[in-house]
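Participant: Kindly return the folded structure for what I paste below:
(one chain, ligands or ions: 1)
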Amino acid sequence: MKQLRYDDYGGIDKMYLAEVATPEPAADQILVDIRAAGINPVDWKVRNAQMKLADGHQWPRRMGLEFAGVVNRVGSAVTNFKSGDEVFGAISLKELGAMADAVVVTADQIHPKPPSLSMSEAAGLPLIGATAHLAMRETIDVRGRKVLINGGSGGVGNTAIQLARMDGAHVTAVAGPHHQDILREMGATTTYDYTTTDVTQLGENWDVILDTAGTLPWSEAKHLLTPHGTYLDLQPGLTSYLGSYINNKLSDKKRQPLMADITHTTLHRLYDLVEHDGLRVHIGREYALMDYKKTFSELEAGDGPVGKAVFIP
Ligand SMILES: NC(=O)c1ccc[n+]([C@@H]2O[C@H](COP(=O)([O-])OP(=O)(O)OC[C@H]3O[C@@H](n4cnc5c(N)ncnc54)[C@H](OP(=O)(O)O)[C@@H]3O)[C@@H](O)[C@H]2O)c1
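Facilitator: Next up is the predicted model:
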């Protein structure tokens, strides 16, 4: 089977599509045939050695942390899944391997696929869904509050807008000139184009600021917060953890670094949000896995589609 991997940190030229033996599931494992795998900025951040503290340093390094597919076969001790089940799931940063024809996982890493989502939509949901839920539901209560989402047209932004609107927040969302419609479709109440409007110059304040784009740092965002407002930081490094610890002891304006974790509970929660609350996943483009070089060149240059990008093996 095909499996995308690399043997050393570095650029796009480090990746190759290896032909490897299809893994045999152990007693507690499940072999899933991948139908689609989500592509995320974390895929190239790990490859570029930007996440060494969390990535496990295993070589050769596989790629891809989220997927949807069909159970091929299960180990002898697995009772809750069977061959033919449609599932979606996520693999830890230390393992990865979803950008392949098949992957071996344990039962806690998968969940029945939401029936109303396509394979691509389900594959693209775990990381953006977990992150948006962590930001808009687990970290802060956004009900009835003013929320600014800087970078609303990407995967995390799309999902965060929807969750905040479900909770009755007033959502201001920022994206580029060609992506204003999607902000409104997802439910944003006010939208801005970052090429023509600088939100730091509007004289407005927000109770919650989520910066998905990484262009609104704490040093600027803190001036846009209401007196007890919270800034949610999606690019947390050692300095932001330290900085937020000190800041949060001294100031009513809070700075909160976030690091999403996808557990079985997360997958179940996302299933419910889709099936019962109408959460949508906007797939921007499906790429063929064999075109991985062109795909990563496009996405890493910031020329990706609006919404989620997925690989089809
Ligand atoms: N900490 C965590 O647990 C965690 C989890 C998931 C993701 N992340 C991080 O969160 C970030 C977003 O992820 P994603 O998957 O949503 O990425 P994405 O799909 O690439 O979205 C990026 C967003 O940024 C916007 N943007 C670009 N330049 C901008 C600017 N100058 N001002 C305002 N907005 C701008 C883009 O808008 P246009 O396309 O319209 O230009 C787009 O809406 C990534 O850095 C990712 O690594 C962190």
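Participant: Which secondary structure elements does the lowest-mean-pLDDT helix or strand in the chain sit against?
Facilitator: Of all helical and strand segments in the chain, the minimum by mean pLDDT, DSSP states H and E falls on helix 238-250, at a mean of 92. Here helix 238-250 touches helix 218-221, strand 254-257, going by 3 or more Cβ pairs under 8 Å, 6 or more residues apart in numbering; DSSP states H and E. Quick note: C-beta positions are derived from backbone N, CA and C, even for glycine.
Participant: what's the burial count for the residue lying closest to residue 207 once chain neighbours are set aside?
Facilitator: Closest residue in space to residue 207, ignoring its immediate chain neighbours: residue 145 at 4.0 Å, by Cβ to Cβ, 6 or more residues apart in numbering. For residue 145, the count of nearby residues is 19 (other Cβ atoms under 10 Å).
Participant: Surely residue 145 and residue 209 touch.
Facilitator: No. With contacts counted by Cβ atoms under 8 Å, residue 145 stays clear of residue 209, the gap being 11.1 Å.
Participant: Quick check: the gap between whatever residue of the stretch 151-300 of the chain ends up closest to the ligand and residue 45.
Facilitator: Closest residue of the stretch 151-300 of the chain to the ligand, Cβ to the nearest ligand atom: residue 154 (1.9 Å). For residue 154, the distance to residue 45 equals 14 Å [Cβ to Cβ, to the nearest Å].
Participant: which of those two has more neighbours?
Facilitator: Comparing residue 154 with residue 45 by other Cβ under 10 Å, the one with more neighbours is residue 154, at 24 against 16.
Participant: quick one: contacts for the residue nearest to residue 207?
Facilitator: If a contact means Cβ atoms under 8 Å, 6 or more residues apart in numbering, then residue 145 has 169, 170, 207, 208 as its contacts.
Participant: which SS state does the third one fall under?
Facilitator: Reducing the assignment to helix, strand or coil with DSSP: H, G, I helix; E, B strand; the rest coil, the entry for residue 207 is strand.
Participant: Could you verify my assumption that it touches residue 229?
Facilitator: Yes. Distance between residue 207 and residue 229: 5.0 Å, which falls inside the contact criterion (Cβ under 8 Å).
Participant: Write out the residues of the chain neighbouring the ligand.
Facilitator: 40-42, 45, 127-128, 131, 150-157, 174-176, 179, 194, 212-215, 234-235, 258-260 (Cβ under 6 Å from any ligand atom).
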